[in-house]
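Participant: no FASTA, just this:
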């Protein structure tokens, strides 16, 4: 084999190897799974469906279901959510629970109808449950 053919064969092998690597099955990480679950939670909050929102919380949620319900209903009375976004910064596992540091951005109309914006960082404590998670605390 001539040096030119050798180089061509080597390039072809590298290209085929790169194509094979990109065709490898995608493995979803905990970070991705938490992000998808929080996008579903965002949609539930924007839809103002209390039953759907409550379904994201574990029965073991710190503070109990009635406190969560009261906080959500108070929020809905005082503001109309326009936009909400959760961005997962990091996810750590410990003792079977996940701790997700989440940056959030929210745009809303206050009770007087004036546009407002808030943002911050929260820690979500999540318990894996099947293919999804349940919120134990925020």
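Facilitator: That came through, no problem. Since the structure is predicted, the reported quantities are computational estimates derived from the model, not experimental observations.
Participant: any idea which helix or strand in this protein has the lowest mean pLDDT?
Facilitator: Ranked by mean pLDDT, DSSP states H and E, the weakest helix or strand in the chain is helix 3-22, scoring a mean of 46.
Participant: pLDDT of stretch 51-64, averaged?
Facilitator: Stretch 51-64 comes out with an average pLDDT of 79.
Participant: try stretch 128-138
Facilitator: Stretch 128-138 comes out with an average pLDDT of 87.
Participant: isn't residue 88 right up against residue 37?
Facilitator: No - between residue 88 and residue 37 there is no contact under Cβ atoms under 8 Å: 9.5 Å. C-beta coordinates here come from the backbone N, C-alpha and C atoms, glycine included.
Participant: show me where this structure has its helices.
Facilitator: 3-22, 30-47, 50-54, 64-78 (DSSP state H).
Participant: find the centremost residue of the chain, please.
Facilitator: residue 35 (2.0 Å; Cα atoms, centre = their mean).
Participant: that one touches residue 85, doesn't it?
Facilitator: No - Residue 35 is beyond contact range of residue 85, at 10.9 Å (criterion: Cβ under 8 Å).
Participant: quick one, what contacts residue 124?
Facilitator: For residue 124, the contact set (Cβ atoms under 8 Å, 6 or more residues apart in numbering) comprises 34, 38, 98-100, 102, 135, 137-138.
Participant: now, which of those lie within strands?
Facilitator: Per DSSP state E, strands hold the following members of the contacts of residue 124: 98-100, 102, 135, 137.
Participant: find the nearest non-adjacent residue to residue 48, please.
Facilitator: Nearest non-adjacent residue to residue 48, counting by Cβ to Cβ, 6 or more residues apart in numbering: residue 76, 5.9 Å away.
Participant: mind pulling up the pLDDT for the one you found?
Facilitator: 81.
Participant: neighbours of it, how many?
Facilitator: Residue 76: 14 surrounding residues under other Cβ atoms under 10 Å.
Participant: same question, residue 123
Facilitator: Applying other Cβ under 10 Å, we find 11 residues neighbouring residue 123.
Participant: fine by me, we can end here.
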